[in-house]
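S.K.: Okay, here's the prediction I keep looking at, along with the sequence it came from:
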Amino acid sequence: MSDKTLSNAYTVETVQPNPARADEMPYAPAVRIVGACDLMFVSGVTPSPLYHIHPHIDADHQHPIDITEQTKRAMAGAKEVLDSVGASWRDVVKITKYLTDIRDADGMHAAMRPYFGDWKPASTMICINQLSSPGARVELDMIVAIPKKAG
């Protein structure tokens, strides 16, 4: 297990049943939160602007075809949420990645790597037929552990 102490309130540990092979995967098999924290569940973000009108207006959903650019836009939406509560990418303990084409997985992971650096949250990837945002090829939802403020 590798530990990441976020505060006196809790520690996040990656669980690696076979640590010698940990570098072979772009995610941790599991993440354990030890101690007290708040959990935040981030709704799915797509390449569309975080705030957009419902029912959808086509102008809000003009996406580049490239999975790298779509992933960067989705990560920007997620960063808006993280920033609003003072959390960072290293506070993300679980991410679910939805793709409309599983062949985009390597490109999506490459685009996400600069955000997470050496931190690898627990992860699930699902290939589905269509996402909620017209033309989107990637959607991400996250679980974030936020240290409780001393009070």
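M.R.: Thanks, I have the structure now. The structure presented is a predicted model; accordingly, all values stated were derived computationally and were not measured. Residues are numbered from 1 along each chain as shown.
S.K.: Quick check: beta-bridge partners of the residue nearest the centre of the chain?
M.R.: Taking Cα atoms, centre = their mean as the criterion, I95 is the residue nearest the geometric centre of the chain, at 4.3 Å. In this entry, I95 is beta-bridged to S123, M142, by DSSP bridges.
S.K.: ok, it - contacts?
M.R.: 27, 121-124, 140-143 (Cβ atoms under 8 Å, 6 or more residues apart in numbering). Bear in mind the C-beta positions are built from the backbone N, C-alpha and C, glycine included.
S.K.: Buried subset of those residues as a ChimeraX selection?
M.R.: Buried residues among the contacts of I95 (16 or more other Cβ atoms under 10 Å), as a ChimeraX selection:
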select :27,121,122,123,140,141,142,143
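S.K.: Could you give the number of residues near I102?
M.R.: Using other Cβ atoms under 10 Å, I102 has 11 other residues around it.
S.K.: Isn't it up against I128?
M.R.: No: the pair formed by I102 and I128 falls short of the contact definition of Cβ atoms under 8 Å, at 10.0 Å.
S.K.: all strands for the chain, in order.
M.R.: Under the criterion DSSP state E, strands of the chain are mapped to 2-5, 10-15, 30-35, 37-45, 92-99, 122-127, 138-147.
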